[in-house]
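> model the structure of this input:
(chains A and B)
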Amino acid sequence: MSTAVATIDTTRPAIPLSRLVKVELRKMFDTRSGFWLMMSIGIVATIATIACIIFVPNDNLEYSVFGTAIGVPFAILLPVVAILSVTGEWSQRTGLITFTLLPHRGQVILAKAIAAILVAVVSMIFSFAVGALGNVIGSALNGVDTTWDVSLADMLYIVLANILGLMVGFMLGVLIRNSAGAIVAYFVYSFVIPGIFGFLAATQDWFEKIQPWIDFNDAQTPLFDGGPSGEQWAQIGTSSLIWFIIPLTLGVMAVLKSEVK
Amino acid sequence: MFVPLPAGRLGVMITVEGLTKTYGGFKAVDNVSFECRPGAVTGFLGPNGAGKSTTMRIMAGLTPASAGEARVGGVLYQDIPNPGTQIGVLLDASAQHAGRTGREILTLSALTMGLPMSRVDDMLKLVSLTPEESKRRVRNYSLGMRQRLGIANALLGDPKILILDEPANGLDPAGIHWMRSLLREYANRGGTVLLSSHLLHEIEVIADEIIVIGNGRIVAQGTKAELLQTAGTFVKAGDMSALANALTSAGITASPSGDGGLRSEATPEQVGKAAASAGVALVELRPAEGAGLEEMFLELTSDTQREEITPEGAQS
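So this is what the prediction gives:
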């Protein structure tokens, strides 16, 4: 052996974040389950549009009706996409390769978050387009005037609400790191907890007063209702601290320290 | 604090120093130190649960060490930019998303490392996975095919160093010989290889240098030639307890070897005399030389297993 033995080159360019985002986007679609999860969002949106045309009374056929019908399946399924993107690394043990190729786990998590938000934004645009198409066709078929009752600002609020929902799913994925567990936790968060909080608010005065400040679901309602006021923005902020920022911070800290097996 | 070894110190590529990993009160890896040279295949041999995988995961930055550190070329794994292009790692061939195709798994790694897609085809060819096989989902792969895919993934970035955990597991004998020639050629070109196995035979076939680990501790290390030259005597009698008593009273220490006999550091002459004076009829008496690593492996692992009562197959 000569002294020119190959050694580690620390001057090579690091892996750029943009490349990681591309890889993470690809990973969301490249399995059969991932592909059909994304497809099902599109299929459900189309079915919801058709159902609106058929079943909604003619004088109620407005763009907002389509938006709501399509928005619900998105709100339910998009967080699952985000959850699986994170938990798969543990549940399927692909993290063994992912975190070996990039030993900075924070960057992988960041890339996943960006990829999930990109998917959310693109699918929301898709849903608005399908809804618009449904609105035009529906009103033509039923011989009524096409009503555009959703402004661009409303759309942006809805996109934001969906991103917040998606990020809660993402947070649960990071925190729990198990596909089934995180999905169950997400459904508890979005279907069980609002019921409990609603009951509490109805029976306890003190809780009703603080609920908007601590209930992330409740605080987001103005986003679907023409946009929050200054105080309501503050309520989104404080409740996100409890339901998103603090648990996400704990989850990321655990991911950075935990053992990948 | 550790004083890091100078980067690229001649003849050493991987340096593991005082590595310890504790889970609760259990020491999975206990003060492990070794080095791997370029141009050689280093075999990491030990029974299941001996700490091989934990050591390798620490080396790849997946498991934080409780004490000590592992450096490659003088650098911590976390500080290597785009590490896949410098160190090829295979930690568990089964740790794959079952729903992805073999080709897709390599494509994801190639994209992450920023490699041309032609590398994917090159590596599939190298590990003899046909285009049809590469388009199947990993769920339908045999363990041997997963190992080949894992090796392809490790070699994808054309690294100078390979860290492979149980790569021969699930390969048929032909596959093991294929891997031997692959790794031999790789080492001959100046590459550094560290591979683990719980099967002595695989290590004997593939490795030049051997590190033996049992219960988290290194129990022997050296070149294959050195470790094969185990001086001493192998002895077997019809009445083994009488033989053991005879040796003890003659002041000869002996320990059970793998196949029902005793091994001693004493010469065959001393052992024979002790047995004769006690009137113990011997069935077998010969120098332990050439008895192979097997006996040493069994002896070493049974030694460490007697000192601490650890359940067989405790997982790392």
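> contacting residues for the closest residue to residue A:131 other than its chain neighbours?
Among residues not flanking residue A:131 along the chain, residue A:66 sits closest, at 3.7 Å (C-beta to C-beta, 6 or more residues apart in numbering or on different chains). Every C-beta, even on glycine, is put in place using the N, C-alpha and C of the backbone. Listed by C-beta atoms under 8 Å, 6 or more residues apart in numbering or on different chains, the contact partners of residue A:66 are A:48, A:49, A:52, A:130, A:131, A:132, A:134, A:135, A:138.
> repeat that with 7 Å
A:49, A:52, A:131, A:134, A:135 (C-beta atoms under 7 Å, 6 or more residues apart in numbering or on different chains).
> does chain A sit close to the strand or helix carrying residue B:104?
Using DSSP states H and E, residue B:104 sits within helix B:102-113. Yes. For helix B:102-113, a contact with chain A is found by C-beta under 7 Å from any C-beta of the partner chain, at B:104, B:108, B:109, B:111, B:112, B:113.
> which residues touch that helix?
A:15, A:19, A:22-23, A:26-27, A:30, A:97, A:101-102, B:82, B:84-85, B:96, B:117, B:119-120, B:123-124, B:129, B:133-136, B:138, B:141, B:149, B:152-153, B:156-157.
> quick one: mean pLDDT over that helix.
The pLDDT scores in helix B:102-113 average 97.
> swap in stretch B:18-26?
For stretch B:18-26, the per-residue pLDDT averages 94.
> can you check stretch A:49-56 too?
88.
> just the CA coordinates for that stretch, please, in PDB.
Provided in PDB are the C-alpha atoms of stretch A:49-56 (Å, rounded to 0.1, in the frame of the first residue of the first chain):
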ATOM      1  CA  THR A  49     -68.500  16.500  -7.600                       C
ATOM      2  CA  ILE A  50     -70.800  14.200  -9.500                       C
ATOM      3  CA  ALA A  51     -72.900  13.500  -6.400                       C
ATOM      4  CA  CYS A  52     -73.300  17.300  -5.900                       C
ATOM      5  CA  ILE A  53     -74.600  17.700  -9.400                       C
ATOM      6  CA  ILE A  54     -77.100  14.900  -9.000                       C
ATOM      7  CA  PHE A  55     -78.300  15.400  -5.400                       C
ATOM      8  CA  VAL A  56     -78.000  19.000  -4.500                       C
END
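> picking that back up, the residue nearest to residue A:131 and residue A:203: what is the separation?
Counting by C-beta to C-beta, to the nearest Å, the gap from residue A:66 to residue A:203 is 37 Å.
> which ones are touching residue 120?
Reading this off chain A. A:78, A:162, A:163, A:166.
> that's the other chain; I wanted chain B
B:103, B:106, B:107, B:110.
> can the helix or strand hosting residue B:34 be said to contact chain A?
Using DSSP H and E, residue B:34 maps to strand B:26-36. No. Taking C-beta under 7 Å from any C-beta as the criterion, strand B:26-36 and chain A are apart, separated by no less than 10.7 Å.
> how about that strand: buried residues?
B:27, B:28, B:29, B:30, B:32, B:34, B:35, B:36 (16 or more other C-beta atoms under 10 Å in any protein chain shown).
> out of everything not next to it in sequence, what's closest to the last one?
Right, the one you point to is residue B:36. residue B:14 (3.9 Å).
> tell me how many other residues crowd the one you found.
Using other C-beta atoms under 10 Å in any protein chain shown, residue B:14 has 21 neighbouring residues.
> hang on, the earlier thing: of the contacts of helix B:102-113, which belong to helices?
Among the contacts of helix B:102-113, the ones falling in helices (DSSP state H) are A:19, A:22-23, A:26-27, A:97, A:101, B:119-120, B:123-124, B:133-134, B:149, B:152-153.
> identify the farthest-apart pair in those.
Farthest pair in these (C-beta to C-beta) is A:19 and B:133. Separation: 27.7 Å.
> most centrally placed residue in the chain?
All of this is about chain A. The centre of chain A sits closest to residue A:166, judged by C-alpha atoms, centre = their mean, with a distance of 1.7 Å.
> switch to chain B, that's the one I care about
Centre-most residue of chain B, counting by C-alpha atoms, centre = their mean: residue B:44, 2.0 Å.
> wait, doesn't it sit right on residue B:193?
No. Using C-beta atoms under 7 Å, residue B:44 is not in contact with residue B:193; the gap is 10.4 Å.
> near residue B:211, how many other residues are there?
Neighbours around residue B:211, by other C-beta under 10 Å: 27.
> where in the chain is pLDDT low?
Defaulting to chain A. By pLDDT under 70, the low-scoring segments of chain A are A:1-6.
> was after chain B, sorry
Where chain B drops to pLDDT under 70, the residues are B:1-10, B:228-231, B:258, B:289-296, B:299-316.
> domains of it: list them as residue ranges, please.
B:14-226, B:231-291 (automatic domain parsing).
> now, of those domains, which is deepest in the fold?
Of all these, domain B:14-226 carries the top mean neighbour count, a mean of 20, counting by mean count of other C-beta atoms under 10 Å in any protein chain shown.
> how long is that domain from one end to the other?
For domain B:14-226, the separation between the terminal residues is 21 Å (C-alpha to C-alpha, to the nearest Å).
> what's the strand or helix carrying residue A:168 in contact with?
Secondary structure assignment for residue A:168, by DSSP H and E: helix A:152-176. Applying C-beta under 7 Å, 6+ apart, the external contacts of helix A:152-176 come out as A:67, A:71, A:74-75, A:78-80, A:82-83, A:86-87, A:109, A:113, A:116-117, A:120-121, A:124, A:128, A:182, A:185-186, A:189, A:220, A:223-224, A:226-227, A:243-244, A:247-248, A:250-252, A:255.
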